[in-house]
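Peer 1: got a sequence here, can you model it:
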Amino acid sequence: MRILLMICLLFSAGFTFGQKLVQCGETLSISTGILTDSSSVNPRMTVNGTHNLKEGATGQLSLLSDDGNIKMTFSIGVVRVIKSEPGAVTFEVLEKLGVITVNGVERSNFKEGADVQFSEHMYDSPHQIETKWPNGNIKESGYKLCNQVMGEWHEYHENGNLKTSYKTNKEGKIDGSYIEYHDNKTRAVEGAYRYGEKYGMWTEFKKDGEILSQGYYSNGVKTGKWIEHDATGKKVKKKY
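Peer 2: Take a look at the predicted model:
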């Protein structure tokens, strides 16, 4: 049975392209070929078969080796397609990876005739988001990375009053205490999250401050005895 061993040596976590970029999500596409230009600035790859790579496609360029039993990939750079033509693409090197230095001299990994693989990814950088209501008041504000909220996030009612404010962990999941307000500034919801899941006591309030529902969550699921209201508005007790 063929053994597949993927060795990926990355000596840099990110690269500068205007500002710090981060790889988002899974690989979009993989293309293999041969380097026909050994330039470490604008290497050119003759692509095996057809390809649909467009200018601007960004990803990792890796050296390939295969002795019949073991396949290896060695990442040599984060690159962006600057020229796409039938059967070939030309890259711009955004950052060199797996740099080898011998006697103080950098040894280039971009060698003419080398078998290489280009793995296309989506990249993003932390950027501020601010959306507004039709009346011009702020609706949402904070930072996002790879379509996920990062750090502190704020949401507002159309009248400008704060609706909620919370923080996320490094995975982009809400973590810690959580409170939500009605548009008249009274409490609407109060509780806590742990790694993106509701936990502990949660309470929902009416605008006049009366408790609408109250109970406990465990791993995002209601548990134990809860105080709620039925369709007629009558307070009832339920067990989950």
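
Peer 1: so where's the longest strand in the protein?
Peer 2: The single longest strand within the chain, with elements called by DSSP state E, is strand 19-37.

Peer 1: contacting residues around the closest residue to Thr168 other than its chain neighbours?
Peer 2: Nearest-residue entry for Thr168: Val149, 5.0 Å, with adjacent residues in sequence omitted and distances by C-beta to C-beta, 6 or more residues apart in numbering. Heads up, the C-betas are built off the backbone N, CA and C, glycines and all. With C-beta atoms under 8 Å, 6 or more residues apart in numbering as the criterion, the residues that contact Val149 are 142-143, 168, 172.

Peer 1: show me the chain divided up by domain.
Peer 2: Here the domain assignment for the chain is 15-123, 127-239, based on automatic domain parsing.

Peer 1: distance from the first one to the middle of the chain?
Peer 2: Here the centre of domain 15-123 is set off from its chain's centre by 22 Å, with C-alpha atoms, centre = their mean, to the nearest Å.

Peer 1: and it, what's its mean pLDDT?
Peer 2: What domain 15-123 shows for mean pLDDT is 87.

Peer 1: re the thing from before, among the contacts of Val149, which are in strands?
Peer 2: By the criterion of DSSP E, membership of the contacts of Val149 in strands covers 142-143.

Peer 1: give me the buried entries from the contacts of Val149.
Peer 2: 142, 168, 172 (16 or more other C-beta atoms under 10 Å).

Peer 1: next, format those as TSV and append pLDDT and distance to Ile70.
Peer 2: Converted to TSV, those look like this (pLDDT from 0 to 100; distance: C-beta to C-beta, whole Å):
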residue	pLDDT	distance to Ile70
Gly142	94	46
Thr168	93	40
Gly172	85	36
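
Peer 1: closest one of these to Glu228?
Peer 2: Using C-beta to C-beta, the shortest approach to Glu228 within the buried ones among the contacts of Val149 belongs to Thr168, at 28.7 Å.

Peer 1: now Thr164: which helix or strand?
Peer 2: strand 162-167 (DSSP states H and E).

Peer 1: in the chain, which residue is most central in space?
Peer 2: Compute the mean C-alpha point of the chain, and by C-alpha atoms, centre = their mean the closest residue is Cys146, 3.4 Å away.

Peer 1: excluding chain neighbours, give the residue nearest to that one in space.
Peer 2: Using C-beta to C-beta, 6+ apart and skipping the chain neighbours, the partner closest in space to Cys146 is Cys24 (3.7 Å).

Peer 1: correct me if wrong: that neighbour contacts Pro126.
Peer 2: No: under the criterion of C-beta atoms under 8 Å, Cys24 lies out of contact with Pro126, with a separation of 11.9 Å.

Peer 1: now do the helices in this protein.
Peer 2: Counting by DSSP state H, one finds no helices in the chain.

Peer 1: how close does the residue nearest to Asn109 when sequence neighbours are not counted get to Thr58?
Peer 2: Beyond its immediate neighbours in the sequence, the residue positioned closest to Asn109 (C-beta to C-beta, 6+ apart) is Ile76, lying 3.9 Å away. The span separating Ile76 from Thr58 equals 15 Å under the rule C-beta to C-beta, to the nearest Å.

Peer 1: when those two are compared, which one has more neighbours?
Peer 2: Neighbour tally, Ile76 and Thr58, criterion other C-beta atoms under 10 Å: the higher count belongs to Ile76, 26 against 21.

Peer 1: cool, thanks, talk later.
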